[in-house]
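# structure, please.
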Amino acid sequence: MTRIAFLKGHGTENDFVIVPDPENAIDLSPAAVAALCDRRAGIGGDGLLHVVKSAAHPEAAHMAPEAEWFMDYRNGDGSIAEMCGNGVRVFARYLQRAGHATEGDLAVATRGGVKTVHIAKEGDVTVGMGTARLPEGDVTVSVGERSWPALNVNMGNPHAVAFVDDLAHAGDLYAAPPFSPASAYPDGVNVEFVVDRGPRHVALRVYERGAGETRSCGTGACAVAVATARRDGLDPAATGTPVTYTVDLPGGTLLITEDPDGEIEMTGPAVIVAEGEIDAEWLESVAR
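Numbering: from 1, shown residues only. Here you go, the predicted model:
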């Protein structure tokens, strides 16, 4: 069996195993992905970035005219995901490191469509995250005896954003915070607890649906910026002026800008920390 290269990278401590495979020749079964992402028995990661040429992947071939590279993203449990904002930044950083991209604009194919990425000279990477929808209706989230009103924000995935006095009030976040009404989120929800740090500057903790508390959530940071802007009486679509918030997450800081056309851009770090080789025999043994 041929040698299988891998890299390890992170964006605000959302970490990923990166497997370059331009011709889509490596069969990464859900079991193999879960084994690679295992923090004790594998390499360890929140997810896996399978780097494939769009033309070589049946799910991405139709996007090949727009984007040469496809981010075949997998969750740490081996399941398939449409999109990961922190993952796209790390994906772009890998393409730059491998000589497939230079600083400037880059199109990346994802299951959530083609995303526009900008690699800045000073190192940060910006990703177009699409637009936010704010479904009607009041939502409440609770932790223990406390409960808060929350804003329902959909970034392609559902979020409930609650403003709190102290991030410690979110508790241990081992279990999903209860919310009501149940009809607001039939498939569960990502819950963000937010405190103010200064003008247009907030900090958050997040419970990610199906994962528990995480160090960073890109769509969550975008949902929080939109919710905070509305709370502050700011709506770029109404004023014609973009609005930017600094969002502190446990794993680092992201800058979120909402443009008058509704497009949301997320800017933050993307770091490659290591590269090496996967033992092919081991991968074969765990892939079954």
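# and the residue lying closest to residue 245 once chain neighbours are set aside, its phi and psi?
Leaving out its chain neighbours, the residue that sits closest to residue 245 by CB to CB, 6 or more residues apart in numbering is residue 225, at 4.2 Å. Where you see a C-beta, it was placed from the backbone N, CA and C, and this is true even at glycine. Dihedral pair for residue 225: phi -60, psi -40, per degrees, to the nearest 10.
# in the protein, what helix or strand scores lowest on average pLDDT?
In the chain, the helix or strand scored least confidently by mean pLDDT, DSSP states H and E is strand 212-213, which has a mean of 90.
# and residue 136, which of the three is it?
coil (DSSP: H, G, I helix; E, B strand; the rest coil).
# can you give me the distance of it to residue 184?
For residue 136, the distance to residue 184 (CB to CB, to the nearest Å) stands at 10 Å.
# more neighbours: the two, which one.
residue 184 (17 against 5; other CB atoms under 10 Å).
# so where's the stretch 1-150 of the chain shaky on pLDDT?
Along the stretch 1-150 of the chain, segments meeting pLDDT under 70 span 1.
# please redo it, this time with the cut-off set to 90
Regions of the stretch 1-150 of the chain meeting the criterion pLDDT under 90 cover residues 1-3, 75, 80-85, 112, 121-123.
# let me see the ranges of the strands in the stretch 1-150 of the chain.
4-11, 14-20, 47-53, 69-75, 104-110, 113-119, 125-128, 139-143, 146-154 (DSSP state E, counting those that start in this stretch).
# need the ones you listed in a markdown table with mean neighbour count and distance to residue 288, can you?
As requested, the strands of the stretch 1-150 of the chain are exported to a markdown table (neighbours: other CB atoms under 10 Å; distance: least, CB to CB, whole Å):
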| stretch | mean neighbour count | distance to residue 288 |
| --- | --- | --- |
| strand 4-11 | 21 | 16 |
| strand 14-20 | 24 | 18 |
| strand 47-53 | 22 | 18 |
| strand 69-75 | 24 | 17 |
| strand 104-110 | 20 | 28 |
| strand 113-119 | 18 | 33 |
| strand 125-128 | 23 | 35 |
| strand 139-143 | 19 | 41 |
| strand 146-154 | 19 | 38 |
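# how about the ones you listed in CSV, adding distance to residue 275?
Shown next, in CSV, are the strands of the stretch 1-150 of the chain (distance: least, CB to CB, whole Å):
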stretch, distance to residue 275
strand 4-11, 4
strand 14-20, 8
strand 47-53, 13
strand 69-75, 18
strand 104-110, 20
strand 113-119, 19
strand 125-128, 19
strand 139-143, 41
strand 146-154, 37
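# closest to residue 170 out of these?
Distance to residue 170, taken as CB to CB, is lowest for strand 139-143 among those, at 5.8 Å.
# neighbouring strands - and their directions - for that closest one?
Note on strand 139-143: by DSSP bridges, its sheet partners are strand 146-154 (antiparallel), strand 179-180 (antiparallel).
# return the distance of the shortest one from the chain's centre.
Yep, that's strand 179-180 we're talking about. 24 Å (CA atoms, centre = their mean, to the nearest Å).
# please apply the same query to stretch 35-46.
Computed by CA atoms, centre = their mean, the chain-centroid distance of stretch 35-46 equals 18 Å.
# could you do stretch 71-89 as well?
A distance of 8 Å separates the C-alpha centroid of stretch 71-89 from that of its chain, computed with CA atoms, centre = their mean.
# buried stuff in it?
Neighbour counts over stretch 71-89 (16 or more other CB atoms under 10 Å) mark 71-76, 78, 81, 83-89 as buried.
# what's the answer for stretch 197-207, then?
Taking 16+ other CB under 10 Å as the basis for neighbour counts, the residues of stretch 197-207 that come out buried are 200, 202-207.
# sorry, back to before: residues making contact with the least confident helix or strand of the chain?
Identification of contacts with strand 212-213 by CB atoms under 8 Å, 6 or more residues apart in numbering yields 172-174, 205-207.
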